[in-house]
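Engineer: Got a sequence here, can you model it:
(one chain, ligands or ions: 2)
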Amino acid sequence: TTTGYIWNTLYGWADTGSGGIFPPSVDALTQPIAHHVAHPDTKRRLHELISASGLIDSLRQLEPGPATREDILRVHDAAHYERILSESALPKGGDAGDGVSPFGNGGHHIALLAAGGAIEAVRAVADGTVRNAYALINPPGHHAERATGRGFCIFNNGAIAAAHALETLGLQRVAIVDWDVHHGNGAQDIFRESSKVLNISVHQDRCFPSDSGFRDERGSGDGFGYTLNVPLPPGGGSGAYEYAFDAVVLPALRAYRPELIIVASGFDASMMDPLARMMLRADGFRSLARKIMDVADEVADGKLVCLQEGGYSPYYVPFCGLAVVEELAGVSTGTADAFAPILGPMGGDALLAHEREAVDAAKELLADIT
Ligand SMILES: O=C(CCC1CCCC1)NO
Ligand SMILES: [Zn+2]
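Structural biologist: Numbers count the residues shown, from 1 in each chain. Ligands and ions are numbered 1, 2, ... in the order given. Okay, the predicted model is just below:
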């Protein structure tokens, strides 16, 4: 009946370097800056609001351990794992694999603890210790592919947790619903040929990676039809997202009947995020959480795990995350979204014709889910 919660001080120590995104260079006149867009302070502020609002008193704190090499190798190549460990031993650390995803010396400990947090949340929900869970883990994972880290992601926390559920907890069908604003390319790569994971991503079209996340990417072999991409035009808010969920995401989950739903929960679809151009507010994320909880109750005995992914506004991620965790826990702390009065009048609530068309184009993808 309770909601599990995971946070660890080390998640707030991830060293994202002194670049805004790319490492600074005098040659390129890119100045050093105190906070990389992915600086962990944003997620630490969400933890502090969960604590200061009193919500934390209604949550069951779970204690993660580090994921093991075996956990990681269920979804990643050994070469990727070994490279991360070797770069983590360097004095200045290394990079997840794409040159824009730095981590500091010893950063592998934090990455393993993030994956371990996802595993612990899935374990606790699968065995009924808690009803559902929010794992406020860092670094994120949903861009990490089998052979490389990418987009600030070192190991694919959600894929690792799903593989753990399938291979260790005896589950047969797991769904990953990725509402992070960027395409969930990692799980798509990792589970491309598997029908044991239904991988759904709703994202801003061509935002990142700019060359993936299209409707025609549907999986292959046994996995054909079990990758479902719903790219949305820039500017979408609650109208577009709620229609995408009502018309495509929820019907897909009802057809697939997963035993567990894992949400790749990024808040970078918010109106105040620097790395995308969507228009959700905290109440919009609450609505998505409600919809996923309701379908989890319908098909999966309520078994739902949310894993923190992106979200780069230190101002607004706290309020977006509080709304979701309150909904999961069925608790209202009465904390107002401090930015709603400013953001509300800016729009994003109506479902516009071109957004409806983008979602309707994805409806045909439901036909192959059994
Ligand atoms: O939030 C993210 C990271 C996206 C950035 C990675 C490099 C530029 C855009 N992915 O979910
Ligand atoms: Zn993102």
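
Engineer: separation between the closest residue to residue 154 other than its chain neighbours and residue 130?
Structural biologist: Counting by Cβ to Cβ, 6 or more residues apart in numbering, the nearest residue to residue 154 once its immediate chain neighbours are dropped is residue 111, at 4.0 Å. In short, each C-beta sits where N, CA and C put it, glycine included. Here the distance between residue 111 and residue 130 works out to 24 Å (Cβ to Cβ, to the nearest Å).

Engineer: isn't residue 117 right up against residue 66?
Structural biologist: No - here residue 117 does not reach residue 66: they are 9.4 Å apart, not a contact under Cβ atoms under 8 Å.

Engineer: ok so the residue nearest to residue 154 is a strand residue?
Structural biologist: No - for residue 111, which was evaluated using DSSP: H, G, I helix; E, B strand; the rest coil, the result is helix, with no strand membership.

Engineer: wait, doesn't it sit right on residue 155?
Structural biologist: Yes - proximity of residue 111 to residue 155 meets the contact threshold set by Cβ under 8 Å, at 5.3 Å.

Engineer: Find residues that contact each of the two.
Structural biologist: residue 84 (Cβ atoms under 8 Å, 6 or more residues apart in numbering).

Engineer: Chain neighbours aside, what residue packs nearest to whatever residue of the chain ends up closest to ligand 2?
Structural biologist: Taking Cβ to the ion, ligand 2 has its nearest neighbour within the chain at residue 310, 2.7 Å off. Closest residue to residue 310 in three dimensions, ignoring its sequence neighbours and counting by Cβ to Cβ, 6+ apart: residue 266, at 3.6 Å.

Engineer: contacting residues around the one you found?
Structural biologist: Taking Cβ under 8 Å, 6+ apart, one finds 140, 142, 178-182, 308-311 in contact with residue 266.

Engineer: what do you get for residue 320?
Structural biologist: Residues in contact with residue 320, defined by Cβ under 8 Å, 6+ apart, are 267, 270, 280-282, 285, 311.

Engineer: Recalculate using a threshold of 6 Å.
Structural biologist: Listed by Cβ atoms under 6 Å, 6 or more residues apart in numbering, the contact partners of residue 320 are 267, 270, 282, 285.

Engineer: Among these, which pair sits farthest apart?
Structural biologist: Comparing every pair within these by Cβ to Cβ identifies 267 and 282 as the most remote, at 8.7 Å.

Engineer: Which one of those two is surrounded by more residues?
Structural biologist: In this comparison of residue 267 against residue 282, neighbours counted by other Cβ atoms under 10 Å, the higher total goes to residue 267 at 30 against 27.

Engineer: secondary structure element for that one?
Structural biologist: Assigned by DSSP states H and E, residue 267 belongs to neither a helix nor a strand.

Engineer: State the distance from the closest residue to it other than its chain neighbours to residue 148.
Structural biologist: Nearest residue to residue 267, sequence neighbours excluded (Cβ to Cβ, 6+ apart): residue 311, at 3.4 Å. Going from residue 311 to residue 148 by Cβ to Cβ gives 22 Å.

Engineer: residues in contact with the residue nearest to residue 267?
Structural biologist: 266-268, 317.

Engineer: Give me the subset of the residues you listed that also touch ligand 2.
Structural biologist: The subset of these within reach of ligand 2, counting by Cβ under 5 Å from the ion, consists of 266, 268.

Engineer: any chance of the contacts of residue 311 in TSV, plus pLDDT?
Structural biologist: Below are those laid out as TSV (pLDDT from 0 to 100):
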residue	pLDDT
266	98
267	99
268	98
317	99
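
Engineer: out of the contacts of residue 311, which one sits closest to residue 160?
Structural biologist: Nearest to residue 160 out of the contacts of residue 311 is residue 266 (Cβ to Cβ; 17.1 Å).

Engineer: List the contacts of stretch 192-210.
Structural biologist: Counting by Cβ under 6 Å, 6+ apart, stretch 192-210 makes contact with 162, 166, 174-179, 181-185, 187-188, 191, 213, 219-223, 226-232, 234, 244, 249, 252, 256, 276, 278, all of which sit outside it.

Engineer: Check which residues of stretch 119-131 are buried.
Structural biologist: Within stretch 119-131, the residues scored as buried using 16 or more other Cβ atoms under 10 Å are 119-126, 130-131.

Engineer: Oops, could you answer that again for stretch 215-231 instead?
Structural biologist: Those would be 217-219, 223, 225-231, for stretch 215-231 by 16+ other Cβ under 10 Å.

Engineer: quick one: that stretch to chain centroid distance?
Structural biologist: Mean C-alpha position of stretch 215-231 versus that of the full chain (Cα atoms, centre = their mean, to the nearest Å) differs by 19 Å.
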